[in-house]
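> Predicted model and sequence follow; I will ask about them next.
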Amino acid sequence: QGLLQQYKGSGSTQNKLVTQTKELVDAYIELADIRPDPTKEKPKAGSDYTSGLTKLRRIRWNANEGRVRMPTLGEGATGDGSPDQLVSRFGEKWTYPGGITIPKKITCFSTDGRAFTQVVKGGEDPRSDAVSSQLFSVLGILLRGDVACRQRQLDIGTYKVIPLDPTSGLIEWVDNAASLGVVLGASMDPNQPSLRAKYNPTGMAHKDSRTKMDAQRKKPVEEKAAALGEIWKKTRPVFRHFFLERSESAQEWFSMRLAYTRSVAATS
């Protein structure tokens, strides 16, 4: 606090930067602290909501007023790091992408008009995620510095994780990406059915598998293993179709498969 006050008093520009940064952090934390009412139904993945945006809606900084650099820029997966990409305003709603801690996906607009997707999370300590992201960044540097790894194009892409307080954090959203669980069986988009729904429709559905394993939480290991074995008997491998669907030639299929294999090796 003393350093902030000292920096805040060192000039009008620094004063505005500190003031706006505090306003932005407080607004993020307000949204992160939104918790579902246990007496009501849990939010549905993909649905939009407007609660918890009171402070974010107040942020309206034009190119002359804005001083805070887009927080999810830098070494992450989006943006070009331009100093002109300063926080300007936020969208009027947030989307629930799914998750136990009810993360909120929001859109932040920069002063140069670009839109950046961010995720605000609350209810857990984000510092472990931040340390993991930093570790992967270091590993990426080591991989890029090794000749053999460069020849094999081994690298680790990272996204920014910014702790706001001990239980809230801001995370960079990686566009054009889907989790392995969604691709295989947890997709809720009727226009993009999961691989399991298309290639193993008679097998046990993802939802039923989750329900069955959730029911085994407090049971002995032997019963858990038996339940898992039953799920495996009703589940066929389908991930190979992912590359077949997205490739137009054998060479493209091989390149995609090799890239995925290398990415798994690099992050293991």
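Looks like it came in fine.
> Okay, helices next: where are they in the stretch 1-150 of the chain?
Taking DSSP state H, counting those that start in this stretch, the helices of the stretch 1-150 of the chain run over residues 2-8, 12-32, 54-58, 127-145, 147-151.
> Identify the residues contacting the second one?
In this case it means helix 12-32. The contact list for helix 12-32, computed with C-beta atoms under 8 Å, 6 or more residues apart in numbering, reads 4, 7-9, 52-56, 58-59, 61, 65-68, 71, 87, 94, 104, 106, 120-123, 164-165, 167-170. All C-beta spots, glycine's among them, are computed from the backbone N, C-alpha and C.
> Under the pLDDT cut-off, which ranges of the stretch 151-268 of the chain? List them.
Across the stretch 151-268 of the chain, the ranges flagged by pLDDT under 70 are 186-192.
> Of all the helices of the stretch 1-150 of the chain, which one is nearest Asp175?
For those, the distance to Asp175 is smallest for helix 127-145, at 17.2 Å, taking C-beta to C-beta.
> Buried residues of the closest one, list them for me.
When neighbours are counted by 16 or more other C-beta atoms under 10 Å, the buried residues of helix 127-145 are found to be Asp129, Ala130, Ser133, Phe136, Leu139, Gly140, Leu143.
> helices and strands around it, which ones?
Contacting helix 127-145 under the criterion 3 or more C-beta pairs under 8 Å, 6 or more residues apart in numbering; DSSP states H and E are the following elements: helix 147-151, strand 161-165, strand 168-172, helix 250-267.
> 7 Å instead?
With contacts defined as 3 or more C-beta pairs under 7 Å, 6 or more residues apart in numbering; DSSP states H and E, the secondary structure elements packing on helix 127-145 are strand 161-165.
> For the strand it packs on, which strands pair with it and how are they oriented?
In the sheet containing strand 161-165, the strands it pairs with under DSSP bridges are strand 168-172 (antiparallel).
> Can I get the partner strand in PDB? Just the C-alpha atoms.
Output for strand 168-172, consisting of C-alpha atoms alone and laid out as PDB, is shown next (Å, rounded to 0.1, in the frame of the first residue of the first chain):
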ATOM      1  CA  SER A 168     -10.100 -14.600  -7.400                       C
ATOM      2  CA  GLY A 169      -8.200 -14.600 -10.700                       C
ATOM      3  CA  LEU A 170      -8.300 -13.400 -14.300                       C
ATOM      4  CA  ILE A 171      -7.400 -15.900 -17.100                       C
ATOM      5  CA  GLU A 172      -6.800 -15.400 -20.700                       C
END
